[in-house]
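>>> Any chance you could fold what I've pasted below:
(one chain, ligands or ions: 1)
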Amino acid sequence: MRIDLVTIFPPLVAGAFEHSIVKRARDRGLVEIFVHDLRDYTSDRHRTVDDYPYGGGAGMVMKPEPWFRAVEALREQGNPGRCLLLTPQGRKLDQSLVQRLALEDRLILLCGRYEGVDERVRAHLADVEVSIGDYVLSGGEPAAVVLVDAVVRLQPGALGSSESTVEESFSEGLLEYPQYTRPPEFRGWRVPDVLLSGDHAAIERWRRQQQLQRTRERRPDLLPMVDDVSETTSESQDR
Ligand code: ADE
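Numbering: from 1, shown residues only. Next up, the predicted model:
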């Protein structure tokens, strides 16, 4: 997969792709990531990317020309891919959208500043507008970093075998079960006995029950997405 990211702050995102799983995926050749400076696609001496809003009002609006020039130039290199604009007005990112995006050969991510991007960029350049949640960031950059991380870890071979187990259980639509490591007692807080029992079937049941309980308490909205809720609600028998 190839990911191109266009921003006026390349250093804000570049470092995020030089560590951990994303770095390893790049090193393994599973994903190519290129960060482009929008100002390289301006045509004036001051490398201007914004201008006053028509109709007046506070703040500046990002001009359309550099975005179009950037995407058109990038599309001359390789296939057109899917062009995403990161904006709080977009479709909310969730694991199912991540899974779909992870199948694309190429993503072009446009990181607008929050105050505004000329409407013609949304209407005629972006294929999809994506939000990472109902809160306002100063710009799309942190959102793009989140999206890239979530998409890259789904590339075949990006995760080690222990990491992929974790992935599987989240994509089931349930929250994670509680995890413990040594010591068995810390400041009087004990690790649940079942985890020390060596009884793998009991551990499995306990974890499933914890996942369901947690999801029910914290994110009941996720539960209808689990196909086998009725089958797994037998956890009450395990208490
Ligand atoms: N830009 C500003 N806020 C954002 C958000 N919540 N998601 C995506 N892009 C944004």
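
>>> residues in contact with the residue most central in space within the chain?
In the chain, the centroid-proximal residue (Cα atoms, centre = their mean) is residue 147; its distance is 2.6 Å. Counting by Cβ atoms under 8 Å, 6 or more residues apart in numbering, residue 147 makes contact with 84, 86, 93, 98, 101, 109, 130, 132. For every residue, glycine as well, the C-beta is placed using N, CA and C.

>>> pretty sure the fifth one is touching residue 82, no?
So that's residue 101. Yes - counting by Cβ atoms under 8 Å, residue 101 touches residue 82, with 7.3 Å between them.

>>> Report the residue ranges of every domain in this structure.
Domains of the chain are assigned by automatic domain parsing as 2-152, 185-238.

>>> Any chance of JSON lines for these, columns mean pLDDT?
JSON lines is the format used below for the domains of the chain (pLDDT from 0 to 100):
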{"stretch": "domain 2-152", "mean pLDDT": "97"}
{"stretch": "domain 185-238", "mean pLDDT": "84"}
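
>>> Please identify the most buried of the ones you listed.
Ranked by mean neighbour count, these are led by domain 2-152 with a mean of 17 (mean count of other Cβ atoms under 10 Å).

>>> how far does that one sit from the chain's center?
Mean-position distance between domain 2-152 and its chain equals 13 Å (Cα atoms, centre = their mean, to the nearest Å).

>>> Quick check: end-to-end length of that domain?
10 Å (Cα to Cα, to the nearest Å).

>>> before we move on, what about stretch 23-41?
With Cα to Cα as the measure, stretch 23-41 spans 27 Å from end to end.

>>> of all the residues in the protein, which ones are close to the ligand?
The interface of the chain toward the ligand, taken as Cβ under 6 Å from any ligand atom, is made up of 86-88, 114, 131-133, 135-137, 139-140, 143.

>>> doesn't residue 89 fall inside a strand?
Yes - assigned with DSSP: H, G, I helix; E, B strand; the rest coil, residue 89 falls within a strand.

>>> mind listing what it touches?
Per Cβ under 8 Å, 6+ apart, neighbours of residue 89: 129, 131.

>>> so where do the helices sit in this structure?
10-14, 20-27, 64-76, 95-101, 119-124, 141-152, 161-171, 193-196, 200-218, 229-232 (DSSP state H).

>>> Redo these as JSON lines? Include distance to residue 184.
Listed next are these as JSON lines, based on distance: least, Cβ to Cβ, whole Å:
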{"stretch": "helix 10-14", "distance to residue 184": "42"}
{"stretch": "helix 20-27", "distance to residue 184": "29"}
{"stretch": "helix 64-76", "distance to residue 184": "54"}
{"stretch": "helix 95-101", "distance to residue 184": "33"}
{"stretch": "helix 119-124", "distance to residue 184": "55"}
{"stretch": "helix 141-152", "distance to residue 184": "33"}
{"stretch": "helix 161-171", "distance to residue 184": "21"}
{"stretch": "helix 193-196", "distance to residue 184": "6"}
{"stretch": "helix 200-218", "distance to residue 184": "15"}
{"stretch": "helix 229-232", "distance to residue 184": "28"}
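
>>> Nearest to residue 4 among the ones you listed would be which one?
helix 64-76 (5.1 Å; Cβ to Cβ).

>>> contact partners of that closest one?
4, 6, 36, 38-43, 49, 81, 83, 108, 110, 117-118, 120-121, 125.
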